[in-house]
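In: Quick check, what structure comes out for this input:
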Amino acid sequence: MALQPSLRPLIVAGSADAPHTIDMFLDYVCPFSAKAARTIDTVLRPLFGPGGKYAGKVKIIFRPQVQPWHATSTYVHEAGLAALRSSPENFWAFSLALFNHQEDYFDIPASTLTPLQVREKLAQLASTVIPEGAVDNFSELLKLKGSPNGGTAVTDDLKYTIKFSRQNSIHVSPTVLFDGLVAPEISSSWGEKEWSEFLEKKVTV
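Out: Numbering: from 1, shown residues only. Prediction:
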């Protein structure tokens, strides 16, 4: 499916010109999304990357899926987009770090933190995977604008991702599309065996 050019780093596996597309709608504070993200990293990226069985044939687009019933979902997805803007080559590394530390941003652990404290905590996490100079830019992107309700420098990117989900009737994470159609059979519990069987049937190039 289409992707705004400035958000090209959301292609987290495979080459941008691969003819088949897997869209994965994931929420950084959803445990099932975390399982899916780890599978992307350990199973699908090797299959779709250089030398992989489906190199040049399939790509994965990570679609940020804000879920408002998770109190910090907006903040963590802002952080993901700030990482994408400030250090695009490290976007996936930051995403994995955030998935691996998602419990820090669950409702109860984050319940005593102010929004500014949540963003500071996210900047500390970013400092573990992106260069120092990029961390400064990361933090700047998450600063509130001067107007009382103006959001941050990545608010427009956040709006794009939310509008994209809404217009395609994506309600929960993880939701997976293959070549634009929802593939309800795909589970966050899938491993190499299930994905290999699925791709064997679906990849036609």
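
In: Tell me what Phe62 is bridged to.
Out: Taking DSSP bridges as the rule, Phe62 bridges to Met24.

In: pLDDT score for it?
Out: Predicted confidence (pLDDT) for Phe62: 98.

In: Look up phi and psi at Lys59.
Out: phi -130, psi 160 (degrees, to the nearest 10).

In: Surely it is in contact with Met24?
Out: No: at 11.0 Å, Lys59 does not count as touching Met24 under the criterion of Cβ atoms under 8 Å. In short, each C-beta sits where N, CA and C put it, glycine included.

In: So for those two, which sits in the more crowded spot?
Out: A count of neighbours by other Cβ atoms under 10 Å puts Met24 above the other of Lys59 and Met24, at 25 against 22.

In: For that one, give me its contacts.
Out: 36, 40, 60-63, 174-176 (Cβ atoms under 8 Å, 6 or more residues apart in numbering).

In: and which of those residues is nearest to Ser189?
Out: Taking Cβ to Cβ as the measure, Ser189 sits nearest to Ala36 out of the contacts of Met24, at 9.1 Å.

In: what about that closest one, distance to Tyr28?
Out: As for Ala36, its distance to Tyr28 is 12 Å (criterion: Cβ to Cβ, to the nearest Å).

In: Then Phe94?
Out: 10 Å.

In: Specify which residue of the two has the higher count of neighbours.
Out: More crowded of Phe94 and Tyr28, by other Cβ under 10 Å: Tyr28, with 27 against 24.

In: Surely the more buried one touches Gln102?
Out: Yes: if you go by Cβ under 8 Å, Tyr28 and Gln102 touch, sitting 6.0 Å apart.

In: got any residues that touch both of the two?
Out: Val76.

In: re the thing from before, what sits in contact with each of Phe94 and Tyr28?
Out: What both Phe94 and Tyr28 touch, as defined by Cβ under 8 Å, 6+ apart, is the set 79-80.

In: Just give the nearest non-adjacent residue to Ser111, would you?
Out: In this structure, Ser111 finds its nearest non-sequential neighbour in Ala71, 7.5 Å apart by Cβ to Cβ, 6 or more residues apart in numbering.

In: now the helices: where do they sit in this protein?
Out: Counting by DSSP state H, the segments of the chain that form helices are 31-39, 45-48, 73-86, 91-100, 107-110, 115-126, 132-141, 155-167, 192-202.

In: Asp136: neighbouring residues, count only.
Out: Close neighbours of Asp136, defined as other Cβ under 10 Å, add up to 13.

In: Show the pLDDT at it.
Out: pLDDT for Asp136: 96.

In: Okay, it and Ile130: tell me how far apart.
Out: Distance of Asp136 to Ile130, given as Cβ to Cβ: 10 Å.

In: Over to Lys59?
Out: For Lys59, the distance to Ile130 - Cβ to Cβ - is 23 Å.

In: And Ile162, by the same measure?
Out: Ile162 is 24 Å from Ile130, by Cβ to Cβ.

In: Between these two, tell me which one has more neighbours.
Out: Neighbours were counted for Ile162 and for Ile130 using other Cβ under 10 Å; Ile130 has more, 23 against 17.
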